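Asker: Everything below, folded, please.
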Amino acid sequence: MARKKSTPAGARKKVPSPPAPTPPRAIVARARRWVLRGVLGVLGALLALVLLFSVINPPTTLTILSESQRLGGVQRKWVPIEKIAPVMARSVVAAEDANFCLHWGFDMAEIRRAIDTGSNRGASTLSQQVVKNVFLWQGRSWARKALEATITPLVETVWTKRRILEVYLNIAEFDTGVFGIHAAAEHHFGVTPDKLTPRQAALLAAVLPDPKGRNAVRPSKFTDKRANAIQDGAETIRRDGRARCFAP
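Answerer: Next comes the predicted model:
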């Protein structure tokens, strides 16, 4: 039977030396790789959602979920754009983004005008509003703005203009807890969206910037004047071709 070799008296056992510390450059490189993977993962998920929502209707938005929780429920029912009066679509474009058919997601002329006047009202296109509401969150953070600037051209590339407008009409808020044109038409005028008159469509479009503060049924002088301008604008973009990209 083999004997175990005995350690000579006074001899010390070899203790493995600790691993060499990771150089700072290696730590930074590793962190960069993880950050890059995270960014690519987020962008990949957003791309998948953009492709998915080009054919499948977004089930909800963060704003709708928040208001539903706050109010205990909201009014909303999806309606395809084919069942919405064309004048309603033209009224929203005339009110919110008259050059909708002419830009690629950003209206540079309006952005420059907003910078010159020190206001951001009117600089946000319908495409940007859809991206913000469907894929992102409310607020003015740089992170959200950066993501919005990234996703908007992608949506413009993958979706048609008609699809962008259809989604907008189904997620916009028209009164407290009233989301989408189907709920808005019934709530304000007791009709379905395909039965909206030019005047009713203009009034609904006029409340969009401030749905909790403006009333389409009992409009203030300002809202009434705004609706008159929108009604004229809807007819103007019909005549000059600026409604061609989403026309039936």
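
Asker: C-alpha from now on. contacts and neighbour counts both.
Answerer: Will do.

Asker: Poorly predicted segments of the chain, please.
Answerer: Across the chain, the ranges flagged by pLDDT under 70 are 1-22, 114-122.

Asker: what about 50?
Answerer: Counting by pLDDT under 50, the chain has no low-confidence residues at all.

Asker: Quick one: name whatever helix or strand follows the longest helix anywhere in it.
Answerer: Taking DSSP state H as the criterion, the chain has its longest helix at helix 24-53. Helices and strands here follow DSSP states H and E; after helix 24-53, the next one along the chain is helix 62-71.

Asker: how about that next one as PDB, C-alpha atoms only?
Answerer: The C-alpha coordinates for helix 62-71 follow below in PDB (Å, rounded to 0.1, in the frame of the first residue of the first chain):
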ATOM      1  CA  LEU A  62     -49.400  54.500 -21.100                       C
ATOM      2  CA  THR A  63     -51.600  57.600 -21.000                       C
ATOM      3  CA  ILE A  64     -54.700  55.500 -21.500                       C
ATOM      4  CA  LEU A  65     -53.600  53.100 -18.800                       C
ATOM      5  CA  SER A  66     -52.800  55.900 -16.400                       C
ATOM      6  CA  GLU A  67     -56.100  57.700 -16.900                       C
ATOM      7  CA  SER A  68     -58.000  54.400 -16.700                       C
ATOM      8  CA  GLN A  69     -56.400  53.800 -13.300                       C
ATOM      9  CA  ARG A  70     -57.100  57.300 -12.100                       C
ATOM     10  CA  LEU A  71     -60.700  57.500 -13.300                       C
END
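
Asker: Not counting the helix or strand just after it itself, show me its contacts.
Answerer: Using DSSP H and E, the next helix or strand after helix 62-71 towards the C-terminus is helix 86-96. Here helix 86-96 makes contact (CA atoms under 8 Å, 6 or more residues apart in numbering) with 99-100, 122, 125-126, 165, 169, 196-198, 201-202, 205-206, 230-231, 233-235, 237-238, 243, 247-248.

Asker: Then stretch 38-54?
Answerer: Residues from elsewhere that reach stretch 38-54 (CA under 8 Å, 6+ apart): F135, I151, L154, V155, V158, W159, R163.

Asker: Which positions in that stretch come out as buried?
Answerer: Using 16 or more other CA atoms under 10 Å as the test for burial, stretch 38-54 gives L46, L47, V50, F53, S54.

Asker: Let me have those residues in CSV, adding distance to G180 as columns.
Answerer: CSV is the format used below for those (distance: CA to CA, whole Å):
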residue, distance to G180
L46, 23
L47, 25
V50, 20
F53, 17
S54, 18
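
Asker: and of these, the nearest to R76?
Answerer: For those, the minimum distance to R76 (CA to CA) is 17.9 Å, reached by F53.
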